[in-house]
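>>> sequence-free structure coming up:
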Ligand code: RFL
Ligand code: PHB
């Protein structure tokens with residue numbers, strides 16, 4: 001087979017890239033290791049930055065999002081024994097955010113690719129990029145016992161943190177930066193009316209978050225031990241702990257119900273540089289992971305795809321590789337901004353096992369400063385809503 005861009009991974013990054021390239025007359029094939037059903041079952045992000053909302057609309061993916069997603073003027077931070085703080089993106093940036101699930105975006109992307117006759121090959125085993133610096137790159141994979149070769153001009157590594165793409169970059173050319181946090185997030189989905197705000201709760205028992213997907217679908221998280229197991233968290237325990245971590249007025253208005261999904265995710269910051277090796281370009285979680293506290297992971301995947309699609313369109317249509325040459329630097333500038341914001345919000349809002357009283361005081365003071373300073377509030381709001389592309 002032959003295509004212009006071989007895309008590894010059918011998560012939001014890979015599917016969106018394929019969709020944008022197709023709208024610009026550029027051919028691609030997406031190779032996904034899992035079944036499509038598995039990809040669509042994963043429950044992940046829920047909050048879209050203003051730039052993500054605008055881009056999805058611009059590329060014809062806004063219709064269902066605008067119908068079913070819920071606009072928010074920002075999110076709240078509820079702090080034990082302190083007045084609530086609003087990260088007011090509307091007030092400070094003029095822009096709202098949107099609660100619309102990654103699962104729904106992925107469904108919309110699959111539907112758009114299917115409607116356009118896009119090639120998405122799922123259950124593609126042992127995907128391998130080859131000859132990335134020779135000028136004749138190709139990708140191989142195996143499906144139902146047959147090995148297939150796809151010749152291409154470029155390879156997009158959109159295969160997430162555990163993908164193959166980043167691993168083919170020689171170790172001496174790749175620099176990685178990493179930080180692990182000593183806890184995870186236990187998340188549940190429940191078919192209950194959500195709490196109206198997206199609300200981050202800081203509490204001496206640990207962090208909690210109330211989020212949402214639709215009028216009858218709520219998403220809640222609690223900070224848990226790094227090595228905790230979901231078996232330790234029957235629904236009753238989850239709700240008891242969640243409600244104990246929110247202010248009383250909030251706890252009183254939360255509608256609890258059985259969970260329909262429950263999972264634990266560790267928190268990690270990770271950035272790999274550069275995001276290019278010859279004809280291979282990394283995008284999304286393949287190149288970087290942020291802790292979910294800032295709601296940035298999916299949004300970064302989208303901004304990477306914005307830069308990468310623009311660069312590939314210039315290169316494929318006009319033979320101009322100037323944007324490809326600056327892709328890694330351009331994307332990384334935005335990545336580091338989001339990595340810093342996500343790290344900062346994670347440090348602010350969680351309970352750390354070996355915190356000293358001094359560190360607790362610093363955290364408290366940092367929160368009080370948000371209340372006291374319009375500039376501090378504006379700074380957080382402009383980062384939360386997303387830095388411009
Ligand atoms: P994905 O979604 O991981 O997709 C990668 C795809 O590549 C496939 N793959 C392979 N295919 C072929 N060959 C291989 N060797 C392959 N290896 C892997 C995988 O099966 C998969 O289908 O990466 P992508 O597209 O870069 O998208 C990134 C986002 O999924 C991620 O950043 C967000 O979900 C992070 N995230 C959040 N981001 C936000 O912007 N806002 C949020 O509110 C938010 N909340 C979250 C989150 C992530 C969470 N978890 C579970 C880590 C909340 C949670 C709990
Ligand atoms: C979610 O709705 O899953 C969500 C919302 C905000 C975050 C992280 C996750 O910061």
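Looks like it arrived, so ask away. On a predicted model such as this, the values are computed, not experimentally measured, just so you know. Ligands and ions are numbered 1, 2, ... in the order given.

>>> chain center to the helix or strand hosting residue 29, what's the gap?
Using DSSP states H and E, residue 29 sits within strand 28-31. Mean-position distance between strand 28-31 and its chain equals 21 Å (Cα atoms, centre = their mean, to the nearest Å).

>>> mind listing what the residue of the chain found nearest ligand 2 touches?
At 2.5 Å from ligand 2, residue 46 is the closest residue in the chain, using Cβ to the nearest ligand atom. Glycine gets a C-beta too; all of them are placed from N, C-alpha and C. Contacts for residue 46 (Cβ atoms under 8 Å, 6 or more residues apart in numbering) come out as 99-102, 211-213, 219, 295.

>>> please go through the protein and pick out the longest helix.
Secondary structure of the chain per DSSP state H: the longest helix is helix 322-349.

>>> give me the contact list for whichever helix or strand comes after that helix.
Note on helix 322-349: by DSSP H and E, the next helix or strand toward the C-terminus is helix 357-372. The contact list for helix 357-372, computed with Cβ under 8 Å, 6+ apart, reads 77, 79, 82-83, 85, 202, 347-348, 352, 376-377, 380.

>>> what do you get if the cut-off is 6 Å, keeping everything else the same?
79, 85, 348, 376-377 (Cβ atoms under 6 Å, 6 or more residues apart in numbering).

>>> go through it and flag the buried ones.
363-364, 367, 370 (16 or more other Cβ atoms under 10 Å).

>>> pick the one among these closest to residue 303.
Of all the buried residues of helix 357-372, residue 303 sits closest to residue 370, with 25.3 Å by Cβ to Cβ.

>>> if we can go back for a sec, and the buried residues of helix 357-372 as JSON lines, adding pLDDT and distance to ligand 2?
Converted to JSON lines, the buried residues of helix 357-372 look like this (pLDDT from 0 to 100; distance: Cβ to the nearest ligand atom, whole Å):
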{"residue": "363", "pLDDT": "96", "distance to ligand 2": "18"}
{"residue": "364", "pLDDT": "96", "distance to ligand 2": "21"}
{"residue": "367", "pLDDT": "98", "distance to ligand 2": "17"}
{"residue": "370", "pLDDT": "97", "distance to ligand 2": "16"}
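
>>> if we take those, which one ends up nearest to residue 243?
residue 367 (21.5 Å).

>>> show me what contacts the residue nearest to residue 9 when sequence neighbours are not counted?
In space, and not counting its chain neighbours, residue 9 is closest to residue 159: 3.5 Å by Cβ to Cβ, 6 or more residues apart in numbering. Contacts for residue 159 (Cβ under 6 Å, 6+ apart) come out as 8-9, 165, 286.

>>> residues in this protein within reach of ligand 2, list them.
45-47, 198, 211, 219, 292-293, 295 (Cβ under 6 Å from any ligand atom).

>>> returning to what we had before: what about the residue nearest to residue 9, which helix or strand?
Per DSSP H and E, there is no helix or strand for residue 159.

>>> what does the pLDDT read for it?
Here the pLDDT value assigned to residue 159 is 98.

>>> where do the strands of the stretch 151-300 of the chain begin and end?
Ranges of strands within the stretch 151-300 of the chain are 154-157, 175-190, 199-202, 208-214, 217-224, 259-273, 276-277, 280-282, 288-289, based on DSSP state E, counting those that start in this stretch.

>>> mind putting these in CSV, distance to residue 61 and mean neighbour count included?
CSV is the format used below for the strands of the stretch 151-300 of the chain (distance: least, Cβ to Cβ, whole Å; neighbours: other Cβ atoms under 10 Å):
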stretch, distance to residue 61, mean neighbour count
strand 154-157, 18, 28
strand 175-190, 23, 17
strand 199-202, 28, 23
strand 208-214, 17, 23
strand 217-224, 20, 23
strand 259-273, 24, 17
strand 276-277, 26, 22
strand 280-282, 22, 28
strand 288-289, 23, 26
